[in-house]
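A.B. asks: Sequence below, structure please.
(chains A and B)
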Amino acid sequence: MHPTKRDASRRRFLARVVDSLGFAALIVATAGVSSRAMAKAGKGEFMYQDHPHDGKSCAQCKYFAPDNGNPSIGSCEIVDGTISRAGWCMAFAGKA
Amino acid sequence: MVVLVGALLCCLPQTAFAVPSFARQTGFECTACHVSWPELTSVGRQFKLGGFTLTRETKDERPWLPIHNDGPPPRLPLAAMVQASVTDTRNTSNVDPASVPRNDDAVLQQLSLFYAGRIVDRLGAFAQWTYDGVEHHSAIDNVDIRFAAELARNGVDLDYGVTLNNNPTVSDIYNTTPAWSFPFASSSVAIAPNAATLIDGGLAQQVAGLGAYGMWNRTLYTEAAAYRTADRAFSIFRAGVDKSTAAVLDGAAPYWRLALQHVWAEGMHSAMIGTYGIIARKFPDSLDPVGPTDRYRDVGIDAQYQYVADRHRFSTQINWIDEEQRLDATFAANGASNATDRLRSFKGKATYYYDQKYGVTLQYFRTTGSADDLLYNTGEPITGSASGSPNSSGVVAEVDWLPVRNLRLLLQYTAYREFNGGGNNYDGHSRNAKDNDTLYFVVWLML
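C.D. replies: Now for the predicted structure:
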């Protein structure tokens, strides 16, 4: 017996559903992994400099966290490495 | 689909940014990455070069779904878009209503769902699924899946990566090339000229391409890719697209991109000049992809300048494409009058934004090429060309207002000087180019 057009259409639909479910499962699985490893930017990527720009500096930026032992430096939620309190980069975002 | 979108819209927060999942992931304001969305700034280009993976560091537990914009980045970078519009074509008297559907009607033009952001480590994606409220049909839209890395050593700074996408130029980081160029929203029911180069949307959501890219010392951008028909294992890249109209390529189509950029004054100014292109062999009948093919060779030259400050923003882009069409298959089948045709298009636009809220854009566009009676002189009113010419030209003027960051109200007027080869009686049925002038109003919401 030859498959009908409806059979072929149903098979295509089921194959697409299986593909979609597999794709969704992959995304959910990788999203779980992604919560454990963050990806920061290098200093050069956002033109980080250790002096202010137009009166704006890292000390005023929402991403900056000062170091407890040495408040003139700190870390950034976006840019990797040691960050100067007086620095600036293109990702600057003022505190609300 | 509508129920799913509705449910998602209800769940998403009511204040958002550009592709809001990117903003929720990074904490960036939309105007950090965009002159005004979707046009990218230097920050936005860097985020794309990084494969959409940059993620704000947090010590808090990350939720699965986007609940708060200012909270920790959600694990699933979901977003949505709604466009509702009205189109008014200047002259619709004595016109078959089927040629100007939904004229002067408010329509739900587009509903889109996005998975846009980091998947894992250095792997990220921009994937869009769109429901067309006019055609009542949903299908895959632009998809760009990226793996990115950076090499910084001995004075060399290289951002590089791999892209798997379904639209030549969707992977590009500038707003000159077709996939991300102005106009960023256009009417789906307006009457449009009948000639466009292949790279200008002719392969979008019909092919799958694998490419490698690199930005050397923030100065030289290169990309090379190969595209093939999105069938078999790649069919998800054209899911929902009508196979009878989708392009079928013979083998792989090479795509290249080269751009020289300069960023100065601590990122306030940026400029770029570049070139790109594709060579593709396409079967004339996508349902019967055997035998001879038509060969298209598109070469583009483009340039861009941006000034980005808090109060004032200005940008300008130009793009010129030269297409050589060797129509071996179509000519042999008596579908074209010439064995070889030429098509050239030019677009140039300038945009100014005040206070990141009020914008105005003016664009000039022009398409010229070989007259080809069998290709363009269909004898049809409105869409035909009595001269058999593909020539069209005109201007687009647009004003934008963003009362809040994720809502855009856009009024756009398209005025034609020439349409399908003529100004007056271009179709041989007494229609003039200016009869197709279009006023278009859109409410565009990102969630």
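A.B. asks: hey, let's count contacts and neighbours off CA atoms from now on
C.D. replies: OK.
A.B. asks: who touches the helix or strand encompassing B:Thr367?
C.D. replies: Per DSSP states H and E: B:Thr367 is located in strand B:358-369. By C-alpha atoms under 8 Å, 6 or more residues apart in numbering or on different chains, the surrounding residues in contact with strand B:358-369 are B:195-196, B:341-353, B:389-402.
A.B. asks: do the same with stretch B:280-294
C.D. replies: Counting by C-alpha under 8 Å, 6+ apart, B:243-254, B:295-297, B:325-330 sit against stretch B:280-294.
A.B. asks: now it, how far from the centre of its chain.
C.D. replies: Here stretch B:280-294 is found 25 Å from its chain centre; the criterion is C-alpha atoms, centre = their mean, to the nearest Å.
A.B. asks: Extract the CA atoms of that stretch and return them as PDB.
C.D. replies: What follows is stretch B:280-294, C-alpha atoms only, in PDB (Å, rounded to 0.1, in the frame of the first residue of the first chain):
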ATOM      1  CA  ALA B 280      25.100  32.200  -6.300                       C
ATOM      2  CA  ARG B 281      23.800  29.800  -8.800                       C
ATOM      3  CA  LYS B 282      20.000  29.500  -8.600                       C
ATOM      4  CA  PHE B 283      17.600  27.100 -10.200                       C
ATOM      5  CA  PRO B 284      14.800  29.100 -11.900                       C
ATOM      6  CA  ASP B 285      12.100  26.600 -10.700                       C
ATOM      7  CA  SER B 286      12.500  25.900  -7.000                       C
ATOM      8  CA  LEU B 287      10.100  22.900  -7.300                       C
ATOM      9  CA  ASP B 288      12.100  21.300 -10.100                       C
ATOM     10  CA  PRO B 289      15.800  22.000  -9.200                       C
ATOM     11  CA  VAL B 290      17.500  20.300 -12.000                       C
ATOM     12  CA  GLY B 291      19.300  21.300 -15.200                       C
ATOM     13  CA  PRO B 292      20.800  24.700 -16.000                       C
ATOM     14  CA  THR B 293      21.000  27.600 -13.400                       C
ATOM     15  CA  ASP B 294      21.100  31.300 -13.400                       C
END
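A.B. asks: Where strands are concerned, which of the contacts of strand B:358-369 count?
C.D. replies: B:341-353, B:392-402 (DSSP state E).
A.B. asks: Output the longest strand belonging to chain B.
C.D. replies: strand B:137-153.
A.B. asks: partners of it in the sheet?
C.D. replies: Here strand B:137-153 has these sheet partners by DSSP bridges: strand B:123-132 (antiparallel), strand B:156-165 (antiparallel).
A.B. asks: So which of the ones you listed is nearest B:Tyr440?
C.D. replies: strand B:123-132 (16.9 Å; C-alpha to C-alpha).
A.B. asks: where do the strands sit along chain A?
C.D. replies: Using DSSP E, strands in chain A cover A:64-66, A:73-76, A:83-84.
A.B. asks: touching chain A at all, stretch B:35-50?
C.D. replies: Yes - Stretch B:35-50 lies within reach of chain A by C-alpha under 8 Å from any C-alpha of the partner chain, at B:43, B:46.
A.B. asks: which other residues reach that stretch?
C.D. replies: A:45-46, A:90-91, B:18, B:30-34, B:53-54, B:122, B:148-149, B:159-161, B:173-175, B:180, B:184, B:215, B:263, B:267, B:270, B:306, B:308, B:313-315, B:353, B:356.
A.B. asks: what does the stretch 151-300 of chain B have sitting close to chain A?
C.D. replies: B:157, B:266-267.
A.B. asks: can we see that at 10 Å?
C.D. replies: With C-alpha under 10 Å from any C-alpha of the partner chain as the criterion, the stretch 151-300 of chain B comes near chain A at residues B:151-152, B:157-159, B:217-218, B:235-236, B:239, B:263, B:265-268.
A.B. asks: ok, of those, which one's closest to B:Ile279?
C.D. replies: Among those, and counting by C-alpha to C-alpha, the member closest to B:Ile279 is B:Ser235, at 21.6 Å.
A.B. asks: And that closest one, its phi and psi?
C.D. replies: Backbone torsions of B:Ser235, given as degrees, to the nearest 10, read phi -60, psi -20.
A.B. asks: Likewise for B:Ser42?
C.D. replies: Dihedral angles for B:Ser42 - degrees, to the nearest 10 - are phi -60, psi -40.
A.B. asks: Against B:Asn406, how distant is it?
C.D. replies: 20 Å (C-alpha to C-alpha, to the nearest Å).
A.B. asks: Ok, B:Ala339 next?
C.D. replies: 49 Å.
A.B. asks: Please identify which of these two sits among more neighbours.
C.D. replies: It is B:Asn406, of B:Ala339 and B:Asn406, that has more neighbours when counted by other C-alpha atoms under 10 Å in any protein chain shown, with 20 against 17.
A.B. asks: Three-state assignment for B:Phe331, please.
C.D. replies: Classification of B:Phe331 using DSSP: H, G, I helix; E, B strand; the rest coil returns helix.
A.B. asks: Please name the nearest non-neighbouring residue to B:Phe419.
C.D. replies: Of all residues not flanking B:Phe419 in the chain, B:Ser392 sits nearest, at 4.4 Å (C-alpha to C-alpha, 6 or more residues apart in numbering or on different chains).
A.B. asks: Tell me who's in contact with that neighbour.
C.D. replies: B:192-196, B:345, B:365-369, B:416-423, B:433 (C-alpha atoms under 10 Å, 6 or more residues apart in numbering or on different chains).
A.B. asks: In helices only, show me these.
C.D. replies: In this view, the contacts of B:Ser392 have no member that belongs to helices under DSSP state H.
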